[in-house]
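A.B. asks: This is a predicted model, with the sequence first.
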Amino acid sequence: MKAAVWMGKKKMEVQTVADPSILNPRDCIVKVTATAICGSDVHLYNGLVPTLEKGDILGHEFMGEVVEVGSAVKTTRVGDRVVVPFTIACGACSHCVRTEWSCCDNTNPNAHVAEALIGYSPAGLFGFSHMSGGYAGGQAEYVRVPFADVGPIKIESDIPDEKVLFLSDVFPTGYMAAENCNIVPGRSVVAVWGCGPVGQFAIRSAFLLGAAKVIAIDSIPERRALAEKAGATAIPSGDDVMETLKAMTGGRGPDAAIDAVGMEAHGSTYDDVKQALKLETDRPFALRQAMRCVRKAGTLSVPGVYAGFLDNVPFGTVMNKGVTIRTGQTHVQRYLHPLLELVEKKKIDPACIITHRVPLSQAPEAYAMFADKTDGCIKVVLDPSR
């Protein structure tokens, strides 16, 4: 089959690789009909996530048709059209029972690697590093899906792929980010750093949850324009963001701040130098701003991905203001059915963020475009059939 594989920093190739096969009786094989490039994939593309190996198949946002099932699979059937969550969960451990799906104890075969780096292992993830299990991703013609009765959600209507594909990650991620903000309907003001795909869904989800006002912060005009279409008030990022937010909130600051940027924020030469010298792994410019700008006793929600260690983080600001921090990989399975219902009822159109549709064969060019934010690129969908 054809697959998009990582071959080194900023180097993607589409190669012919072995088809996946059933390795465990609870597996299924999915023929991918649509897949996408995520901001998290760009962190991998840029070589910033440890334990990635040359030849790894990337991609964790995908959907398709089930073409084979293991002998122990009970509810998923050949022919089912499914969206697959990026988090792999067993459905039986204590975390899964509490619907903390991204913290599953049983799906990372390389848990010892994660434990050595961060203390405890999160769930396995599709198309990520070997610290997250080394599972082959979905930017391919076929993919093996473990625990086939736990993760995939069946799409039984004829709704187009593009309207449900993002249930795999960015829509639930943006929704959970907004849900973590403790929004008071009709009153809360939410500021969102980063108007990429996750930020766009965080903005729309904040309004769905009743936010009175959403302020979107980004350096890219096209992304600000898309945020404004959702009803947000968009402002450019920069050193004067705090004063601007104070002026917009009567001096109080936003009730909640969402960092939808993560480890590759732009805006600080300090971070660029520290990262180049390997004195820090991530660039927390947006996180610092969000920490400083959120109001006293407010909430900081962090869906943005961080891979390791940060420098010069104003944690005293957070402590002295009494800020609540809520973060984590998304518990995707928790949100699949309610968010699918929102899509089916036309409360939201997830396809609104798509700017580019390209064949899988053009994945290397699409990665470069998305990473460099050229050609107005906000979201790329790849077609494995082309």
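C.D. replies: On my side now, so go ahead. Numbering: from 1, shown residues only.
A.B. asks: For the stretch 151-300 of the chain, give me the ranges with low pLDDT.
C.D. replies: Along the stretch 151-300 of the chain, segments meeting pLDDT under 70 span 277.
A.B. asks: Helices of that one, residue ranges please.
C.D. replies: 161-164, 170-179, 197-208, 221-229, 241-248, 269-276, 285-293 (DSSP state H, counting those that start in this stretch).
A.B. asks: by contact count, what packs against the fifth one?
C.D. replies: It stands for helix 241-248. strand 213-217, strand 233-235, helix 285-293 (3 or more C-beta pairs under 8 Å, 6 or more residues apart in numbering; DSSP states H and E). Using the backbone N, CA and C atoms, a C-beta is placed for each residue, glycine as well.
A.B. asks: The longest one vs helix 241-248, what angle?
C.D. replies: I take that to be helix 285-293. Between the axes of helix 285-293 and helix 241-248, defined by axes from the mean of the first three to the mean of the last three C-alpha atoms, to 10 degrees, the angle is 40 degrees.
A.B. asks: List the buried residues of helix 285-293.
C.D. replies: By 16 or more other C-beta atoms under 10 Å, the buried positions in helix 285-293 come out as 285-293.
A.B. asks: residues in contact with it?
C.D. replies: The contact list for helix 285-293, computed with C-beta atoms under 8 Å, 6 or more residues apart in numbering, reads 191, 193-194, 217, 237, 241-242, 245, 253-254, 257-259, 261-262, 265-268, 271, 300, 302, 304, 306, 310, 312-315, 317-318, 323.
A.B. asks: Please tabulate the buried residues of helix 285-293 in JSON lines and include distance to L339 as additional columns.
C.D. replies: JSON lines is the format used below for the buried residues of helix 285-293 (distance: C-beta to C-beta, whole Å):
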{"residue": "F285", "distance to L339": "30"}
{"residue": "A286", "distance to L339": "25"}
{"residue": "L287", "distance to L339": "26"}
{"residue": "R288", "distance to L339": "31"}
{"residue": "Q289", "distance to L339": "29"}
{"residue": "A290", "distance to L339": "25"}
{"residue": "M291", "distance to L339": "29"}
{"residue": "R292", "distance to L339": "32"}
{"residue": "C293", "distance to L339": "28"}
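A.B. asks: State the pair within the residues you listed that is farthest apart.
C.D. replies: F285 and C293 (12.5 Å; C-beta to C-beta).
A.B. asks: Helices along the stretch 1-150 of the chain, start to end?
C.D. replies: Going by DSSP H, counting those that start in this stretch, the stretch 1-150 of the chain shows helices at 39-45, 94-97, 111-118.
A.B. asks: Pull the CA coordinates from the first one and hand them back as CSV.
C.D. replies: Read it as helix 39-45. Extracted as CSV, the C-alpha positions of helix 39-45 are listed here (Å, rounded to 0.1, in the frame of the first residue of the first chain):
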residue,chain,number,x,y,z
GLY,A,39,-0.8,20.5,13.9
SER,A,40,0.5,17.7,16.0
ASP,A,41,1.8,16.0,12.9
VAL,A,42,3.8,19.2,12.2
HIS,A,43,5.6,18.8,15.5
LEU,A,44,6.7,15.4,14.3
TYR,A,45,7.6,16.7,10.8
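A.B. asks: Remind me what that helix packs against, helices and strands.
C.D. replies: Secondary elements touching helix 39-45 (3+ C-beta pairs under 8 Å, 6+ apart): helix 363-372.
A.B. asks: May I see the buried residues of the helix it packs on?
C.D. replies: 363-364, 366-367, 369-371.
A.B. asks: next one: stretch 116-125
C.D. replies: 121-125.
A.B. asks: A351: which of those residues is nearest?
C.D. replies: After measuring the buried residues of stretch 116-125 against A351 - C-beta to C-beta - the closest member comes out as L125, at 24.3 Å.
A.B. asks: tell me the contacts of the closest one?
C.D. replies: L125 touches 60, 86-88, 132-133, 135, 329, counting by C-beta under 8 Å, 6+ apart.
A.B. asks: so what's it bridging to?
C.D. replies: T87 (DSSP bridges).
A.B. asks: ok, it to V190 distance?
C.D. replies: Look at L125 and V190: by C-beta to C-beta, to the nearest Å, they are 27 Å apart.
A.B. asks: Serialize the buried residues of helix 363-372 to JSON lines and add fields for distance to L44 and pLDDT.
C.D. replies: Below are the buried residues of helix 363-372 laid out as JSON lines (distance: C-beta to C-beta, whole Å; pLDDT from 0 to 100):
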{"residue": "A363", "distance to L44": "13", "pLDDT": "98"}
{"residue": "P364", "distance to L44": "14", "pLDDT": "98"}
{"residue": "A366", "distance to L44": "14", "pLDDT": "98"}
{"residue": "Y367", "distance to L44": "10", "pLDDT": "98"}
{"residue": "M369", "distance to L44": "16", "pLDDT": "97"}
{"residue": "F370", "distance to L44": "12", "pLDDT": "96"}
{"residue": "A371", "distance to L44": "10", "pLDDT": "95"}
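A.B. asks: and those as JSON lines, adding distance to L382?
C.D. replies: Converted to JSON lines, the buried residues of helix 363-372 look like this (distance: C-beta to C-beta, whole Å):
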{"residue": "A363", "distance to L382": "6"}
{"residue": "P364", "distance to L382": "11"}
{"residue": "A366", "distance to L382": "7"}
{"residue": "Y367", "distance to L382": "10"}
{"residue": "M369", "distance to L382": "12"}
{"residue": "F370", "distance to L382": "11"}
{"residue": "A371", "distance to L382": "15"}
